[in-house]
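Compute the structure for the input listed below.
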Amino acid sequence: MDTRILYPATLLITAAAALLLAGGTLGFDAPTLASGDEDHATHPPIVIVEDEGPTGFERDGEFRPGSGVVTGSGTSEDPYVIEGWKTPFIRIEGTDAHVTIQDNRVQGFNVMAAGAHASVPSVDLQEAHNVTVEGNTLGTLGEGWVRASDANHVTINDNRIVDGRTGVSVGGTQNAHIVGNTVTAVDGILVNEAKDTVVEENTVEQGVHGIVVFDSPGTLVTENRVEDMGIRGIFLLNTPSPQIHDNEIKDAWEAIHSVASPSVHVAGNDIQEASNHAIGIFGESDHTVEANTIEHADTGLVMDGDRVRLEANKIHAERPIVAWGPSAITILDNRLEALTSDATLIEITDGSDANIEQNTLNQGDPAILLDNVDDVSVYRNQVHNPLLGVHATDSEDITVRENLVQAPQTGLRFDEGSKATLHGNHLTDIADAGVHLNGIQDALLTSQTITGPGHALILEAGNQQPTGTHAENNRFHTDAAALHFAEDTTNLTVDARCNHWDSTQDIDDRIKDDGTDNHVHWDPHTEDDACPALPQAGINAPDVTTQGEPFTLHDDSSEGEAPLTEHHWTLGDDATATGDTITHTFHEPGEHLIVLRVLDEDDRAATATHTVTVT
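Numbers count the residues shown, from 1 in each chain. Coordinates of the predicted model:
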């Protein structure tokens, strides 16, 4: 495939080279060669279109004058070497000979014809296989770029390429390696209709797009530094199974952007300052985004594909994660922080089968938003200082289990949906409500611990009459009435069994009814023998430890009606553990929040927290 189709002006290049080979002229003066580099001899343009003959590497058993070859025989062990020249351009076409082009100053060659601008590639490989281009400086006068078209087993490494519209362009190639180059160009590196290309350890600066990959399955883009891009750092289109690993991308409108590319794997990238989104994946399925660090972006991760896994990313952005219409999305073990306190950290719209697990979220309003999403699990997340912890609207089959939400206005809110199951959540220092149910059908609350000055549970009618609200084995220790029926609620019934209340509240003080004819079924009361004893969670550990030294934590929990079967620790530094006694080593100083969750064999839950200072 000839990548000239992407740049129509360069169709003049082949004609220009043909005229030179035929001894003709281009109708204008050739550029003056730059001064300097005294050990690089001046050489006319190098054009080779056959192995041997008047336009080959050799002629009559000797290196052809004008070929630029200084040594070699064209084998893998002894390649032809074109070295040490100062020349406008080098073109090699139609050969399987092994060639090394090294340590040249290839200055570039621009033409104007019929009012159109065209640039001859500094190094142009057309159906030239087994060529290595290394250690050259390209583009000291005209545009510097390397083009390889339909050329297999090509290596382009350690070149300095400046002032090009495209720095490196490979198309229709197999097993091309683009490694260690320094590129300043409008489009730094272009890979088009190529297979098994490696783009590694390049520095690409000051352009529009850093690395562009079209229709090129299996491309590996790794350990590159891309900086100061007007549009995108890395752009993928119609490229199956690309691997985008361990790159540094700074100052781009969009750092990584993928369209219609299945099975994208984005891992270990360090992204800073993306004015739109840091990582965007649109279309197709089976994507994995893991262990990336994103600092200061409008949107951290945005996507609309299916079967997506987002794991162990650290994101500081205005909107850290946004997913539109996903099916089967997993958001696991991420650390997310919004740039402003009223932003949403995880936002999923119009999707199904979502698993949000073991993430650490700082601030948010809400921290997690589910809008028209069905079949969702929100499990063992930590949410610190949000205005609203989890907000689900028009969503069905939502399970919110064993989450810690600290100091919210409202911990969990559900509007106009059905089948909300809340189990084992720990909602502390709530200002307004631990749980707010608005027009929800079939809500089950079990083993919650809700503390603070607000209400434990607020119910209101919304656009549909709520039914089937059941609260059992919860701990409600709030200053305000535990159950609050809002205005305009009528004939609502809550089945409240075996809940533990603030001992200072009489039964009548546990309810505030601002509606009409709402009821609570209390039977049996907590005080009745029919109610099981609940487990109590506790942590026995010092308040201070030393960085880099082992630190022991003891589970000081007590069982209730049934034996404890699970002890799960979250240790505040991305580590987790299980067991009743654990040892952990902290490697970062500062305060770390330790969370212990225990379950008994009847699935009753309890949570304890402990803050340790690491010095």
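
quick one: the helices in this structure?
Remark: helices assigned in the chain by DSSP state H are 12-21.

Confidence-wise, which helix or strand of it is lowest on average?
Least confident helix or strand, the chain: helix 12-21 with a mean of 42, by mean pLDDT, DSSP states H and E.

which ones are touching the closest residue to Ile594 other than its chain neighbours?
Excluding the flanking residues, the one nearest Ile594 by C-beta to C-beta, 6 or more residues apart in numbering is His610, at 4.6 Å. From N, CA and C alone the C-beta is placed, and that goes for glycine too. Under the criterion of C-beta atoms under 8 Å, 6 or more residues apart in numbering, the neighbours of His610 are Ile539, Ala541, Leu553, Leu593, Ile594, Leu596.

give me every residue that touches the residue nearest to Leu138 when sequence neighbours are not counted.
Leaving aside its sequence neighbours, Leu138 sits nearest to Gly144 (C-beta to C-beta, 6+ apart; 3.5 Å). Residues counted as contacts of Gly144 (C-beta under 8 Å, 6+ apart) are Val106, Gly108, Ser122, Thr137, Leu138, Ile161, Val162, Asp163, Gly164, Gly167, Ala185.

Please report the distance of the residue nearest to the first one when sequence neighbours are not counted from Asn104.
When you say that, I think you mean Val106. Spatial nearest neighbour of Val106, chain neighbours left out: Ser122 (4.1 Å); criterion: C-beta to C-beta, 6+ apart. Distance from Ser122 to Asn104, counting by C-beta to C-beta, to the nearest Å: 9 Å.

Which residue of the two possesses the greater neighbour count?
Set Ser122 next to Asn104 and count neighbours by other C-beta atoms under 10 Å: Ser122 wins out with 34 against 26.

Now the more buried one. Its backbone dihedrals?
When read as degrees, to the nearest 10, the backbone of Ser122 gives phi -60, psi -50.

Repeat that for Val154.
Dihedral angles for Val154 - degrees, to the nearest 10 - are phi -100, psi 140.

what sits against it?
If you count contacts by C-beta under 8 Å, 6+ apart, Val154 has them with 125, 128-133, 148, 170, 173, 175-177.

rewinding a little: can you pull the residues that touch both of Ser122 and Asn104?
In contact with both Ser122 and Asn104: Ile90, Asn136, using C-beta under 8 Å, 6+ apart.

residues in contact with Asp270?
The contact partners of Asp270, taken as C-beta under 8 Å, 6+ apart, are Asn247, Glu248, Ile249, Asn292, Thr293.

Now with 6 Å, please.
By C-beta atoms under 6 Å, 6 or more residues apart in numbering, Asp270 lies in contact with Glu248, Thr293.

Bridged to it, which residues?
Assessed by DSSP bridges, Asp270 has beta-bridge partners Glu248, Thr293.

Quick check: it vs Val199, distance?
17 Å.

Please apply the same query to Thr137.
Distance of Thr137 to Val199, computed by C-beta to C-beta: 20 Å.

Among these two, which residue is more densely surrounded?
Ranked by neighbour count (other C-beta under 10 Å), Thr137 and Val199 place Val199 first, with 29 against 20.

which regions of this protein sit below the pLDDT cut-off?
1-38, 109-119, 140-143, 462-467, 502-508, 523-529 (pLDDT under 70).

Could you rerun that using 80?
Along the chain, segments meeting pLDDT under 80 span 1-38, 108-120, 140-144, 163-164, 462-468, 501-509, 522-530, 574.

hey, what's the most centrally placed residue in it bridged with?
Residue closest to the mean C-alpha point of the chain, counted by C-alpha atoms, centre = their mean, is Val289 at 4.6 Å. Under DSSP bridges, the beta-bridge partners of Val289 are Val266, Leu310.

Do I have it right that it meets Leu310?
Yes - using C-beta atoms under 6 Å, Val289 is in contact with Leu310, at 5.0 Å.

what sits up against stretch 354-369?
Under C-beta under 6 Å, 6+ apart, the answer for stretch 354-369 is 329-338, 341-342, 344-348, 373, 376-391.

returning to what we had before: out of the contacts of Val154, which comes closest to Gly218?
The shortest separation between Gly218 and any of the contacts of Val154 is 10.1 Å, and it belongs to Asn175 (by C-beta to C-beta).

From His129, how far out is that closest one?
10 Å.

So the two - more neighbours on which side?
Per other C-beta under 10 Å, whichever of Asn175 and His129 has more neighbours is His129, with 20 against 14.

The residue nearest to Thr344 when sequence neighbours are not counted pairs with what?
Once flanking residues are discounted, Thr344 sits nearest to Leu369: 4.9 Å by C-beta to C-beta, 6+ apart. Here Leu369 sits in beta bridges with Glu347, His391, going by DSSP bridges.
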